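Asks: got a structure for you, letters missing:
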């Protein structure tokens, strides 16, 4: 009997629970940031009713992920935020952070100190920040006041590519926590009934339209996890028949990759079977707010030690079927995941068949490299993206002596003419007759391929100006050369 969509979704959730024991999360990079608040609250910027004893309560906050929000405009304040706003007391807020830590949604509470005797001044702290908890929330009471605060909430210290931001600067403005209805700095307690959602006081009595201060977040240093799992024997292959193998999920994204077979739960998207063997890996885009829109899923390889290779290719098959397919990218890192470079990308629906991709790793030979699949879902549930049949292979022979049947060594000499190319064709000057070629840009992304014509001539008419690598193939040899096009 054919399963309906929701029956398959239940089956998928059960499968995901079972396979969850196999899906290890990656060691993430950590960074040290200086977190600083610089006050600009004064009689010049906010002259109305400014108190003579104005000051700032302790600037407290948390590093967390998207699983928790501590203060949100338009929502009622928590007890912890209420206590900070009305009394500058931080005990209940710290308890809320501790609860988020226990639930796996935060990793630290911090106190950057107060500005106790003046409206002007600074408060700052250095924090060790994990990529698993990249969101910053920080708040302080505007004191004295009925229930007024400044707050920065859910500020990500990672950019869209998952790299640490060098700096973040934000102007902070006053908010009313909605728990006391006093109208002036020194109003007596007047509990709001009913409690109101947190709202902005910018430009409302007694505040002007100017900022209360500036949040300055500056990257101090980055440390990366050791690459404890290194692959140095090639060819390497992974088909996800026993989970995700040496690859790891990330906690710094929105959703995980899942092992599957025989079709994803959603109709009209995802593969019906694996590209090879039984299993494949895919991202489930179902459920608004969870699987779409624009939800990121990261999958990171072990370290590949290419120090003994003169050439290398990474090959895989991908499946992108659906009315709302987002983007699939392959990225590379040579600093153990601290920074990533995009080396291949595909967007939008690509049909119902599996498609093969081959990416040159020539720029990474003689070193160690990690690879990462980075996918972002589209605008609806019909956006499942899948990968399978991953292979990393070494180039066959590159510019070295070849043994022939007469046991004499001959050096294969290959040159390109003209180089730089200033015509419509490139001639390969060599004693070897090459059959095919592939051209890569400096990032290793393939831009052209084809057959070498008689006389070792290659058509260059559609190659734009730039610097490239060309790989020439014959039945017994693979040669890679560099050339430029004017």
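Replies: Sure thing, it's come through. In this text the structure is predicted, and so the values were computed from the model without any measurement.
Asks: okay, which residue is most central for this protein?
Replies: By Cα atoms, centre = their mean, the mean C-alpha position of the chain lies nearest to residue 162, the distance being 3.0 Å.
Asks: that one contacts residue 342, doesn't it?
Replies: No: with contact defined as Cβ atoms under 8 Å, residue 162 does not reach residue 342; the gap is 11.3 Å. Glycine gets a C-beta too; all of them are placed from N, C-alpha and C.
Asks: which neighbours do these two have in common?
Replies: By Cβ atoms under 8 Å, 6 or more residues apart in numbering, residue 162 and residue 342 have no common neighbours.
Asks: so what touches the strand or helix carrying residue 282?
Replies: Taking DSSP states H and E as the definition, residue 282 sits inside strand 280-283. Defining contact as Cβ under 8 Å, 6+ apart, one finds that strand 280-283 is touched by 240, 244, 255, 257-261, 264, 270-271, 274, 291, 297, 299, 319, 375, 377, 384-388.
Asks: just checking: what are the partner strands of that strand?
Replies: Sheet pairing of strand 280-283 (DSSP bridges) gives strand 258-260 (antiparallel), strand 385-394 (antiparallel).
Asks: make TSV from these and add mean pLDDT to it.
Replies: Shown next, in TSV, are the strands paired with strand 280-283 (pLDDT from 0 to 100):
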stretch	mean pLDDT
strand 258-260	93
strand 385-394	94
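Asks: present those strands as TSV; the columns should include mean neighbour count.
Replies: Converted to TSV, those look like this (neighbours: other Cβ atoms under 10 Å):
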stretch	mean neighbour count
strand 258-260	23
strand 385-394	22
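Asks: so which of those is nearest residue 466?
Replies: strand 385-394 (26.3 Å; Cβ to Cβ).
Asks: helix or strand: which one has residue 85?
Replies: Counting by DSSP H and E, residue 85 is part of helix 79-87.
Asks: pull out the buried positions in that helix.
Replies: For helix 79-87, the buried set under the neighbour-count rule, 16 or more other Cβ atoms under 10 Å, comprises 80-86.
Asks: by contact count, what packs against that helix?
Replies: helix 91-102, strand 135-143, strand 148-156 (3 or more Cβ pairs under 8 Å, 6 or more residues apart in numbering; DSSP states H and E).
Asks: contact partners of the very next helix or strand once past the last one?
Replies: For strand 148-156, the succeeding helix or strand toward the C-terminus, using DSSP H and E, is strand 167-172. Contacts to strand 167-172, defined as Cβ under 8 Å, 6+ apart, come from residues 37, 150-152, 155, 157, 211-219.
Asks: buried ones among these?
Replies: Burial by neighbour count, 16+ other Cβ under 10 Å: within the contacts of strand 167-172 this picks out 37, 150-152, 155, 157, 211-213, 215-219.
Asks: strands along the stretch 301-450 of the chain, start to end?
Replies: Using DSSP state E, counting those that start in this stretch, the strands of the stretch 301-450 of the chain run over 303-305, 312-320, 327-333, 341-347, 355-360, 368-376, 385-394, 401-403, 409-411, 414-417, 425-430, 436-440, 446-451.
Asks: will you turn these into JSON lines that also has distance to residue 461?
Replies: Shown next, in JSON lines, are these (distance: least, Cβ to Cβ, whole Å):
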{"stretch": "strand 303-305", "distance to residue 461": "36"}
{"stretch": "strand 312-320", "distance to residue 461": "26"}
{"stretch": "strand 327-333", "distance to residue 461": "29"}
{"stretch": "strand 341-347", "distance to residue 461": "25"}
{"stretch": "strand 355-360", "distance to residue 461": "22"}
{"stretch": "strand 368-376", "distance to residue 461": "33"}
{"stretch": "strand 385-394", "distance to residue 461": "31"}
{"stretch": "strand 401-403", "distance to residue 461": "32"}
{"stretch": "strand 409-411", "distance to residue 461": "32"}
{"stretch": "strand 414-417", "distance to residue 461": "16"}
{"stretch": "strand 425-430", "distance to residue 461": "8"}
{"stretch": "strand 436-440", "distance to residue 461": "13"}
{"stretch": "strand 446-451", "distance to residue 461": "11"}
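Asks: bridged to residue 429, which residues?
Replies: residue 415.
Asks: what is the burial count for it?
Replies: Residues near residue 429, counting by other Cβ atoms under 10 Å, number 10.
Asks: and residue 47, by the same measure?
Replies: 10.
Asks: so it sits in a strand?
Replies: No: assessed with DSSP: H, G, I helix; E, B strand; the rest coil, residue 47 is coil; it does not lie in a strand.
Asks: make residue 1 into 818 and carry on from there
Replies: From this message on, residue numbering opens at 818, which makes the last subject residue 864.
Asks: surely residue 1114 and residue 1074 touch.
Replies: Yes: shown here, residue 1114 and residue 1074 form a contact pair, counting by Cβ under 8 Å, at 5.6 Å.
Asks: which neighbours do those two have in common?
Replies: 1100, 1190.
Asks: how near is residue 855 to residue 985?
Replies: Look at residue 855 and residue 985: by Cβ to Cβ, to the nearest Å, they are 13 Å apart.
Asks: which residues are common contacts for those two?
Replies: residue 1033.
Asks: least trustworthy helix or strand in this structure by mean pLDDT?
Replies: Across the helices and strands of the chain, mean pLDDT, DSSP states H and E gives its lowest value to strand 1218-1220, namely a mean of 35.
Asks: tell me where the model's unsure across the stretch 968-1117 of the chain.
Replies: Applying pLDDT under 70 to the stretch 968-1117 of the chain flags residues 1041-1045.
Asks: burial count for residue 1040?
Replies: Neighbour tally, residue 1040, other Cβ under 10 Å: 11.
Asks: helix or strand: which one has residue 940?
Replies: Using DSSP H and E, residue 940 falls in strand 937-947.
Asks: what's the mean pLDDT across that strand?
Replies: Strand 937-947 carries an average pLDDT of 93.
Asks: give the other helices and strands that it contacts.
Replies: strand 847-857, strand 877-881, strand 923-928.
Asks: any idea how far the last one is from the middle of the chain?
Replies: Centroid separation for strand 923-928 versus its chain: 22 Å, with Cα atoms, centre = their mean, to the nearest Å.
Asks: ok, the shortest one next?
Replies: Between the mean C-alpha location of strand 877-881 and the chain-wide mean there is a distance of 21 Å, by Cα atoms, centre = their mean.
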